[in-house]
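K.L.:
Need a 3D model of the sequence below.
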Amino acid sequence: MSTVRRTLDLDPQTNTRLDSLAAERGQDVAAVVADAVELLDTVLDIKGPDIEEDRRRVREFERTREAIPFEEVMAWVQSWETTNEMAPPNPRKIS
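P.N.:
Predicted structure coming up:
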């Protein structure tokens with residue numbers, strides 16, 4: 001694999017965290033940055049938000065009034081990888 005040299009200015013905390021991540025993973029810093037960029041690319045839609053999808057979901061909620069309260073979603077997510085992992089919450093009528 002060919003490489004390109006870049007120089008980045010990082011704050012001390014970010015630099016320390018980057019060094020720690022590299023040490024924890026047994027990788028060099030460049031590999032950690034490459035993994036982070038790849039992950040960012042999977043969760044960030046560079047093209048922008050899909051407004052039509054958002055509108056469709058709002059219309060569906062207005063039609064059915066079914067949703068999952070934020071607090072229930074957060075409780076479910078916080079239970080992940082614990083001994084008391086919860087089942088995903090189900091949508092229900094919200095007034």
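
K.L.:
Return the set of buried residues in the lowest-mean-pLDDT helix or strand in the chain.
P.N.:
Lowest by mean pLDDT, DSSP states H and E among the helices and strands of the chain is helix 29-43, with a mean of 90. Within helix 29-43, the residues scored as buried using 16 or more other CB atoms under 10 Å are 32-33. Placement of C-beta: from N, CA and C, glycine included.

K.L.:
Mind giving me the packing neighbours of that helix?
P.N.:
Judged by 3 or more CB pairs under 8 Å, 6 or more residues apart in numbering; DSSP states H and E, the packing partners of helix 29-43 are helix 12-25.

K.L.:
how far off helix 29-43 does the helix it packs on point, in degrees?
P.N.:
Orientation of helix 12-25 against helix 29-43 (axes from the mean of the first three to the mean of the last three CA atoms, to 10 degrees) gives an angle of 100 degrees.

K.L.:
Work out the gap between helix 12-25 and the centre of the chain.
P.N.:
20 Å (CA atoms, centre = their mean, to the nearest Å).

K.L.:
Mind listing residues that contact it?
P.N.:
10, 28-29, 31-33 (CB atoms under 8 Å, 6 or more residues apart in numbering).

K.L.:
same thing but at 6 Å, please
P.N.:
29, 32 (CB atoms under 6 Å, 6 or more residues apart in numbering).
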